[in-house]
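Attaching a predicted model along with its sequence, questions to come.
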Amino acid sequence: MDILKVDRVCKSYGALQVLKQVSLSVSQGSIFAIIGPNGAGKTTLFKVMTGESPANGGSVWFHGEDITSAPAHRRARAGIGRTFQVARVFNDFSVRENVIAAVEARRRNQRQSLGRWWAIKPDSAVVSEAEALIDEIGLGGSEEVAARFLSHGDRKRLEFVIALALQPRLLMLDEPTAGMSPADRLGIAELIVRIRDRLGVTVVMTEHDMDIVFKLADRVLVLNYGEVVVTGTVEEIRGNPAVQEVYLGKEVLHA
Amino acid sequence: MATQMILAVLNALSMGMAIFLVAAGITLIFGLLKILNMAQGAFFMIGAYLAFSIIGHQQLSLPAFIGVALLAGLAVGLLGLLTDRLILSRLRHVDYHYMLIATFALMMICHGVVKVIWGVNFFSVLPPKGLDQPLQLGTIYLSRYSVFVIAAGLVIYAILEIAIHRLWVGKLMQSLASKPWMCALLGINVSLGLTLSVMFAFFLAGLAGGLMLPLQSLSPQLGDAYLLYGFFAIIIGGLGNIRGAMLGAILLGLVNSLNTILLPQWPGIAIYVVLAVFLFFRPEGLFPSLAAQPEDSSDQNEASMSGPASHRKNWFRVGSLLFMVALSLPFWADGGLLYVAGSAVVYALFALSWNILFGYTGLASFGHAAFFAIGAYFTGVILRDWPQVPFLLILLGCGVAGAMVAGLLGALALRRLAGIFLAVLTIALAEVTRLLISYSDFLGREDGLVGIPRPVLDGLGIDLSQSAAYYWFLLVAVALLIGALWWILHGRFGRVLLITRQDPDRAAFLGVNVIRVRTMSFMLSGAVAAIAGGLYAPWARIVTLEQVSFLASTQPVLNAMLGGVHSFWGPLIGAGIFAALEYGTRTFVGLSEMMMGALLLLIILAAPNGVIGLWRAYALARRGGAEGRKEGGVKPAEKSSRRLVDGHSQS
């Protein structure tokens, strides 16, 4: 079953057409990667899917529901979690406070109990759920550290925890390994696979690093000049001459 | 009829040009620095006063008149240089709210300076020779001076239009505005470029002041009206572009002109109605521009809302001691001191209400006095005309009224560009409240409400007519309200506010309805401010239009900044310190605006986290923490990374 469907989405900035009739569908429980050279429209497509920048035409569907122009909080409540290209967390809060805020937000979204209404401190169930998540993702021991003092990789991890605390059905990752060391990249890649396998979350990601894509993705969409070049499995993409042309250029191939 | 129409249009156009000249400066600075210069109107006024000082009551020839206007422009441009070097350039990398507050403080200082140098009397200046005679067109007589103003506005517009959209200067300015660091890499002196642009914007304000001088009677209120109209023009036209400012200004001129013809008994109201309608249907303005991108999160330099838990017990002791001293005050203090203390208690609550918005939600209100005045007038009128209404019910009514007004304003302001719109609309709210009160007989027009009776708490049979009794009532009521607010802000709702302040986008992707949360916070803030006003009316026993002035709106900002906006208790401490300062310096009458402005500016530049921020820095440094050195609290740019890791900051 398709959890996310993008139907002939167009987007232009002034006269510049960045997305031309892009369509895709993502099946439940898969890892779907969007790749393409710089300026291909990956980030724009991602922004259209997350609602940050509205499409000029076409529609985006989540679980059979039209979310093309739904505001961010609606998407989150419907079960879409996301990370940003540069990790965004609540800097003034400690790691634990960050995750508690996310868990409380989720409980509010799902109309679950937040504990006694008059309580000042977060409910103990919320705290223990937050701490379990922190341990799971490998940030245990840093609960008390203010988010602004975390390393780049740990910030990224914390953002993952925040996104996962929402118990999303779909997780959208915008270049999850951008600007990371090779070791950190591997760690994040393993994390993504683990999230999918353990929690059954569907993952949509844009990514520059081909190694990561080929290792993780079930299906890959190649974008160039705002158009879908091809969509397929990793094997199909690897052998596809059109894709090689996109990445290497015509001259190289014909030389 | 036709004559009347032509005259109306002419008036509309000349007013529109005057507005445009102020709006052009505001929009230039906004486009470049992404800040709304609240002092632009004040510098327009200073330009007018400088020109007045040169011209006096003599009549100049036209070239001499233009020369004087240019001179006024140059002088104000130099003031712009000073402002930029001393203030704006220091605040370039700080959260934009601090910049807003700084320019607001600058406006207060300008007002004070004008009053000290030129006094508060009205002056008027004759138009230059040749422009004082009417121009005859058939049977119609037009003012030559109005035609001159329109022509001058068009010429300046044309120059700006060509410079910005056609010449290299404009390209350079636009590139400075959009990517300053890139310009720096390309070898452009960014700092110099920005300074020159700021100077030019100030020059425009001064020039406009000089040119428009014969159009109005000169008084220290001159700047306020033009500031607001200038803001409205750029909101209607679209933030950060000249064409929009021009169209918006002309539209406002027409609306105001129609207002004078159709509703002569309510001058100046229609503009606010048009603005509200515009914001509702086209909040992005006529020419939406890139300069008005949704703003970044305000999380660049914030600090946690609470101090180390280990100190809490000591603070509790200090607090209890202070409360005891406050309770015992009626037994030993004289009437004057008691009055100051009672007012300080009310202002503490008022400052706290402002900080709900700023410290917890990351939004600044610059017209919070409107809510205070709504509560004060509401209570005053009911106590005067319907003394049988229970007082506690009146206070509840104040809260409901404040929340409703805030809710309405929030619905207009908080949809896009929340911070900037809220800043302008709250100023507008204070101004429109002032206008409405001054037009209403039962609110005492300019004289205010006098001799407000103090209430009796019916059910409890407590008579509050004596100062001591009402003072104790104030203390208990404010303590209870503060307790309730502490609970609200430290619980779950407070946590939602804090994440919204730190990163609205991240919060939205967690399912937080940011607009709704901000509106709720604004409503809570408005309700508490109105209740503070309601408590104040029977204490002072007189409520006047001063309660809606800019000075009154500065009070909570200053108190909160003074104490520290990143602490729940900061605004309360600030109110106490300020009351003590005021009591100590009560003999310097007339310097209040200058002092308040200067103090506010000093705090923003030197100790943006207030007394509590300095205290925390001191405490950390003494403990020799690793963060100690970073905690110096000297430069705003260093304000980042102030976090006291103390487990759960809400606990």
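Thanks, I have the structure now. All values derive from a computational prediction rather than experimental measurement.

buried ones in the top helix by length along chain A?
Longest helix of chain A, by residue count under DSSP state H: helix A:182-199. If you call a residue buried by 16 or more other CB atoms under 10 Å in any protein chain shown, then helix A:182-199 has these buried ones: A:184, A:185, A:187, A:188, A:189, A:191, A:192, A:195, A:196. C-beta: built from backbone N, CA, C; applies to glycine.

Check which helices and strands the helix or strand hosting residue B:595 is in contact with.
Here residue B:595 sits within helix B:592-606, counting by DSSP states H and E. When contacts are defined as 3 or more CB pairs under 8 Å, 6 or more residues apart in numbering or on different chains; DSSP states H and E, helix B:592-606 sits against helix B:96-118, helix B:550-563.

now the ones you listed as TSV including mean neighbour count and distance to chain A?
Output for the helices and strands packed on helix B:592-606, formatted as TSV (neighbours: other CB atoms under 10 Å in any protein chain shown; distance: least, CB to the nearest CB, whole Å):
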stretch	mean neighbour count	distance to chain A
helix B:96-118	22	15
helix B:550-563	27	18
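
can you give me the helices for the stretch 401-550 of chain B?
Using DSSP state H, counting those that start in this stretch, the helices of the stretch 401-550 of chain B run over residues B:418-439, B:467-490, B:492-502, B:504-508, B:514-540, B:550-563.

ok, the residue of the stretch 151-255 of chain A found nearest chain B - how many residues close by?
Residue nearest to chain B within the stretch 151-255 of chain A: residue A:166 (6.4 Å; CB to the nearest CB). By the criterion of other CB atoms under 10 Å in any protein chain shown, residue A:166 has 23 neighbours.

was I right about it contacting residue A:104?
No: with contact defined as CB atoms under 8 Å, residue A:166 does not reach residue A:104; the gap is 10.9 Å.

Low-confidence ranges, the chain, go.
Since you didn't name a chain, this refers to chain A. Under the criterion pLDDT under 70, the flagged ranges of chain A are A:248-255.

wrong one, chain B
For chain B (pLDDT under 70), the answer is B:1, B:283-285, B:287-312, B:416-418, B:585-591, B:624-651.

and it, what are its domains?
Following automatic domain parsing, one gets these domains for chain B: B:2-289, B:329-583.

Identify whichever of these lies nearest to residue A:61.
domain B:329-583 (18.8 Å; CB to CB).

From the chain's centroid, how far away is that closest one?
15 Å (CA atoms, centre = their mean, to the nearest Å).

How far does it stretch from one end to the other?
15 Å (CA to CA, to the nearest Å).

how about the strands in the chain?
In the absence of a named chain, this looks at chain A. Counting by DSSP state E, chain A has these strands, from start to end: A:2-13, A:16-27, A:31-35, A:57-62, A:65-66, A:80-83, A:170-174, A:202-206, A:219-224, A:227-232.

Chain B is the one I meant
Secondary structure of chain B by DSSP E: the strands cover B:134-137, B:140-143, B:456-457, B:462-463.

In its sheet, which strands sit next to the last one, and in what direction?
Meaning strand B:462-463. Its sheet considered, strand B:462-463 pairs with strand B:456-457 (antiparallel) by DSSP bridges.

next one: the first one
Each strand paired with strand B:134-137, and its direction, by DSSP bridges: strand B:140-143 (antiparallel).

Using CSV, list the CA coordinates for the strand it pairs with.
Output in CSV follows, covering the C-alpha atoms of strand B:140-143 (Å, rounded to 0.1, in the frame of the first residue of the first chain):
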residue,chain,number,x,y,z
ILE,B,140,-10.7,76.8,-7.8
TYR,B,141,-8.0,78.0,-5.4
LEU,B,142,-5.3,75.5,-4.6
SER,B,143,-2.5,75.8,-2.1
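
Now do it: distance to the chain's middle.
39 Å.

neighbouring contacts of that strand?
B:3, B:6, B:7, B:10, B:134, B:135, B:136 (CB atoms under 8 Å, 6 or more residues apart in numbering or on different chains).

hang on, the earlier thing: I'd like the buried residues of helix A:182-199 as JSON lines, with distance to residue B:341 appended.
Formatted as JSON lines, these follow (distance: CB to CB, whole Å):
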{"residue": "A:184", "distance to residue B:341": "59"}
{"residue": "A:185", "distance to residue B:341": "63"}
{"residue": "A:187", "distance to residue B:341": "60"}
{"residue": "A:188", "distance to residue B:341": "59"}
{"residue": "A:189", "distance to residue B:341": "64"}
{"residue": "A:191", "distance to residue B:341": "59"}
{"residue": "A:192", "distance to residue B:341": "62"}
{"residue": "A:195", "distance to residue B:341": "59"}
{"residue": "A:196", "distance to residue B:341": "64"}
